[in-house]
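*Asks:* Sequence plus the predicted model coming up.
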Amino acid sequence: MINIKKFTFNPVGVNAYVLWDEVKEAVVIDPACSNRSEEAVLSRFVEEQGLNVVQLLNTHGHFDHLMGNSFAETKWGLKCRIHPGDLPMVSQAKQHAMFFGISMANPAEAVALVPGEEITFGRSVLKFIHVPGHSAGGVAYYSEADHLLVVGDILFEGSVGRTDLPGGNHAQLISGIKEKLMVLADGVRVYPGHGGDTTIGRERRSNPFLQ
């Protein structure tokens, strides 16, 4: 059974997630740390839980979600994984952050996810679902066994990701959410990149962007 812990980091308020199971192997999704204090919070939790981080994952390539990659890669000796559609953003993260008055170092080069690939840790499996529109390479990480979905900025409680940034496409995002995410069971718990969690059923019934 997958356990999940959320942290909210950096000036943009990104949700970083740690997922682990009874074997104590873990994945970190969108590390997002912007300073040493946040890095210490994340690493201390991992150490206190006795976890072995075996995968680092990004939901997409916007700079606020790439913050923390360099720290996490160094800390756990891993390279972050990202959809190939967002790989070019990794080397441009520092420049993009400057437009918002935020300072960060470019993360190390990420490794592309492979179509059909399954992310394994302990006895658990995550599949990634490509839903472009917020960015070209946005993905949601889905556990069918544990009915959870980490969606980054694709979907929020009562809303969807913004599409006015480079690579955004509103029609593409909405169609992808409806065709790829809203077909999941009502009880699937949705963990977004900002704000609180929700469920597929709740968003199917009441999200105004999906009606």
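*Replies:* Perfect, thanks for sending it. Numbers count the residues shown, from 1 in each chain.

*Asks:* centre of the chain versus the helix or strand of the chain with the lowest mean pLDDT, how much separation?
*Replies:* In the chain, no helix or strand scores lower on mean pLDDT, DSSP states H and E than helix 93-99, which sits at a mean of 84. Relative to its parent chain, helix 93-99 has a centroid offset of 19 Å by Cα atoms, centre = their mean, to the nearest Å.

*Asks:* And it, what's buried?
*Replies:* 93, 96-97 (16 or more other Cβ atoms under 10 Å). C-beta: built from backbone N, CA, C; applies to glycine.

*Asks:* Switch these over to JSON lines; also include distance to residue 162.
*Replies:* JSON lines is the format used below for these (distance: Cβ to Cβ, whole Å):
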{"residue": "93", "distance to residue 162": "18"}
{"residue": "96", "distance to residue 162": "14"}
{"residue": "97", "distance to residue 162": "17"}
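
*Asks:* Residue 167 and residue 192, how far apart?
*Replies:* Separation of residue 167 from residue 192 (Cβ to Cβ, to the nearest Å): 19 Å.

*Asks:* before we move on, which element is the most centrally placed residue in the chain in?
*Replies:* Nearest to the geometric centre of the chain sits residue 59, at 3.3 Å (Cα atoms, centre = their mean). Using DSSP states H and E, residue 59 is not contained in any helix or strand.

*Asks:* before we move on, back to that, ok, residue 167 and residue 192, which is more surrounded?
*Replies:* For residue 167 versus residue 192, neighbours defined as other Cβ atoms under 10 Å are more numerous around residue 192 (24 against 20).

*Asks:* Can you name the residues that contact that one?
*Replies:* Shown in contact with residue 192 (Cβ atoms under 8 Å, 6 or more residues apart in numbering): 15, 151-157, 198.

*Asks:* Dump those into JSON lines; add secondary structure and neighbour count as well.
*Replies:* JSON lines is the format used below for those (DSSP: H, G, I helix; E, B strand; the rest coil; neighbours: other Cβ atoms under 10 Å):
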{"residue": "15", "secondary structure": "strand", "neighbour count": "23"}
{"residue": "151", "secondary structure": "strand", "neighbour count": "27"}
{"residue": "152", "secondary structure": "strand", "neighbour count": "28"}
{"residue": "153", "secondary structure": "coil", "neighbour count": "25"}
{"residue": "154", "secondary structure": "coil", "neighbour count": "29"}
{"residue": "155", "secondary structure": "strand", "neighbour count": "30"}
{"residue": "156", "secondary structure": "strand", "neighbour count": "21"}
{"residue": "157", "secondary structure": "coil", "neighbour count": "16"}
{"residue": "198", "secondary structure": "strand", "neighbour count": "22"}
